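> Fold the following.
(2 chains)
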Protein chains: 2
Amino acid sequence: MEQVSANRSHAGVQGVYTHRSTSTGTPMTFSVFVPDHAPGAKLPVLWYLSGLTCTHANVTEKGEYRAACAEHGVIFVAPDTSPRGEGVPDAEGYDFGQGAGFYVDATREPWSTHFLMRSYIEIDLPQLVAGHFPADMDRQGITGHSMGGHGALTTALRNPGRFRSVSAFSPIVSPLECSWGEKALGGYLGPDRTSWRAYDACALIDDGARLPDLLVDQGTADNFLADQLKTHLLEDACARAGMPATIRMQEGYDHSYYFISTFMAEHVAWHAKRLV
Amino acid sequence: MEQVSANRSHAGVQGVYTHRSTSTGTPMTFSVFVPDHAPGAKLPVLWYLSGLTCTHANVTEKGEYRAACAEHGVIFVAPDTSPRGEGVPDAEGYDFGQGAGFYVDATREPWSTHFLMRSYIEIDLPQLVAGHFPADMDRQGITGHSMGGHGALTTALRNPGRFRSVSAFSPIVSPLECSWGEKALGGYLGPDRTSWRAYDACALIDDGARLPDLLVDQGTADNFLADQLKTHLLEDACARAGMPATIRMQEGYDHSYYFISTFMAEHVAWHAKRLV
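Alright, predicted model coming up:
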């Protein structure tokens, strides 16, 4: 692992790092904020998975999480959204290929060589974080935005007990039911829609997966709400399953970091309460 | 004035606008955050002047001021740092020409046609803001970063009584005493250094200008501290003048928005206390 940068911020250190990922077979860049802490102390970890087109940099610059993470003593990890670079396949459009890994392990060529973002998030990066940062891996939470909200929900649902707290900002709640999801899962996994269900929060819940609790914020002025995000499908799935869920429609807010940053401190506090 | 964008954020609206400036003779872009407020209410205004190379966008995206401005009911205005575009002269280097207006009214060709940033900040933009936003122009504060910290201090010192509160992040405290200042003031104003004194916070204080109070934060790990910013010169000038000043050296912080955002909420609160 190499350190790209380190800046003192909000009584902690905001770092950016690169490492060579076994899962993707490429260099991967990610950011970690570590609040000041007592020598030898281990802090809880909050994962933040980003949305389409983003890298670690978007939330690191615009997410406004550091004050809250410093207050609550929480490490914040922001990975990239896909492998990148020469030799990594890409596609036309912002919603498939580089910047759009969808947090799946691709099984179709040419994507299956490098686009193993599920393994990267579930195996590769946690091992690295556990080995290099003062992280208490028994106290992990996960959140994310849009495609990353989908990633947070599905990663938590597939790994019961790993995350004590799960939230999302304007998540894609059911890739099976929107064009972003159909393009991505069809492209990475092929036409057999049963193979998609491990990457669909609503399908995972319908198939029996459960979380102890859930927080979702969704803006009502979000351009993607009606056609792609479809928050009501998650409300319905949680209701069918009898699974507790706090799903808040936020009046007038859109899909941008102006929305995310507004509710970030509340999300960090919500996670911190469950990670103490 | 045209609205470029408007995003709901932190219980307010973050807008970006353009207008044609009489002072610069060019279109100018700026951002304004207006917290929710009672119908007909007028809110205090905090001006934020940005540093070298920046536009309104840097602080708008990375400044983390909205939560504090919403809490205290303060409008936040972020202008550009110079005129820009075709037909506007420019120079090699990041520290002169476009993106580096230094908040002066240039008197030397070819700069004197468009580079009238002092007039833009003191006359043009305040008139526009007063006319288009619910701004109480009897309650104004001003702050800024680096070149913009210089702009905030000198604008306030030249306009006694206009600003009830003045602060700065890592300001250039004496352009007469650093290479950034010598290049900019020499280029915009010519070699007569007496004409520079209206654009030098320490010289203005030595020449009799006073502020009721002052807050400055400066990182100790700032690469520009020793050669360009020279905070101690401001401490000395305030001491000579018997002028109250809270100048805080912040251990380990650098020149970036990671530093600015850390102390932004404290600055907003400091201004708000004086703007009630």
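
> which residue lies farthest from the center of chain A?
Computed with C-alpha atoms, centre = their mean, the maximum C-alpha offset from the centroid of chain A is found at A:Pro39, amounting to 29.2 Å.

> and the biggest helix by length in chain A, which residues are buried?
The residue-count maximum for a helix in chain A (DSSP state H) belongs to helix A:257-275. Neighbour counts over helix A:257-275 (16 or more other C-beta atoms under 10 Å in any protein chain shown) mark A:257-265, A:267-268, A:270-272, A:274-275 as buried. No exception for glycine: its C-beta is placed from N, CA and C like everyone else's.

> before we move on, what about stretch A:246-259?
A:Ile247, A:Gln250, A:Tyr253, A:Asp254, A:His255, A:Ser256, A:Tyr257, A:Tyr258, A:Phe259.

> just stretch A:53-62 next, same as before
A:Cys54, A:Thr55, A:His56, A:Asn58, A:Val59, A:Thr60, A:Glu61, A:Lys62.

> Out of these, list just those in helices.
A:His56, A:Asn58, A:Val59, A:Thr60, A:Glu61, A:Lys62.

> Restrict the residues you listed to those that also contact chain B, please.
Within the set of these, contact with chain B (C-beta under 8 Å from any C-beta of the partner chain) is found for A:Glu61, A:Lys62.

> avg pLDDT for the longest helix of chain A?
Averaged across helix A:257-275, the pLDDT comes to 98.

> List the contacts of the closest residue to chain B within the stretch 151-276 of chain A.
Nearest to chain B, among the residues of the stretch 151-276 of chain A, is A:Tyr258, at 3.7 Å (C-beta to the nearest C-beta). If a contact means C-beta atoms under 8 Å, 6 or more residues apart in numbering or on different chains, then A:Tyr258 has B:Asn7, B:Arg8, B:Ser9, B:Gln14 as its contacts.

> got it, and A:Asp136?
Contacts of A:Asp136 (C-beta under 8 Å, 6+ apart): A:Lys42, A:Leu43, A:Pro44, A:Val45.

> Could you find the closest non-adjacent residue to the second one?
Yep, that's A:Leu43 we're talking about. Once flanking residues are discounted, A:Leu43 sits nearest to A:Ile75: 4.9 Å by C-beta to C-beta, 6 or more residues apart in numbering or on different chains.

> can you count the residues close to that neighbour?
Look at A:Ile75: counted by other C-beta atoms under 10 Å in any protein chain shown, it has 24 neighbours.

> The one 10 residues further on too?
As a burial measure, the neighbour count of A:Gly85 was computed by other C-beta under 10 Å and equals 11.

> Also the one 5 residues further on?
Per other C-beta under 10 Å, the neighbour tally for A:Asp90 reads 16.

> tell me which element it falls in.
Assignment of secondary structure by DSSP states H and E places A:Asp90 within no helix or strand.

> Next: A:Thr155.
Per DSSP H and E, A:Thr155 falls inside helix A:147-158.

> In contact with the most centrally placed residue in chain A, which residues?
Nearest to the geometric centre of chain A sits A:Leu49, at 2.3 Å (C-alpha atoms, centre = their mean). Applying C-beta under 8 Å, 6+ apart to A:Leu49 gives the contacts A:79, A:81, A:103, A:121, A:142-145, A:147-149, A:151-152, A:155.

> at 6 Å what do you get?
Applying C-beta atoms under 6 Å, 6 or more residues apart in numbering or on different chains to A:Leu49 gives the contacts A:Gly144, A:Gly148, A:Gly151, A:Ala152.

> How about A:Arg20?
A:Arg20 is in contact with A:Pro27, counting by C-beta under 6 Å, 6+ apart.

> Kindly state the beta-bridge partners for it.
Beta-bridge pairing for A:Arg20 (DSSP bridges): A:Pro27.

> pLDDT score for it?
Predicted confidence (pLDDT) for A:Arg20: 98.

> From chain B, how far out is it?
A:Arg20 sits 27 Å away from chain B, going by C-beta to the nearest C-beta, to the nearest Å.

> swap in A:Thr55?
From A:Thr55 over to chain B (counting by C-beta to the nearest C-beta), the distance is 15 Å.

> hang on, A:Thr29 in a strand?
Yes: counting by DSSP: H, G, I helix; E, B strand; the rest coil, A:Thr29 is found in a strand.

> Pull the number of nearby residues for it.
Neighbourhood size, A:Thr29 [other C-beta under 10 Å]: 17.

> could you list every residue that touches it?
Taking C-beta under 6 Å, 6+ apart, one finds A:Thr18, A:His56, A:Asp80 in contact with A:Thr29.

> could you redo the last one with a cut-off of 10 Å?
A:2, A:4, A:16-19, A:55-57, A:78-80, A:84 (C-beta atoms under 10 Å, 6 or more residues apart in numbering or on different chains).

> Which residue, other than its chain neighbours, is closest to it?
Per C-beta to C-beta, 6+ apart, closest to A:Thr29 is A:Thr18, 4.8 Å.
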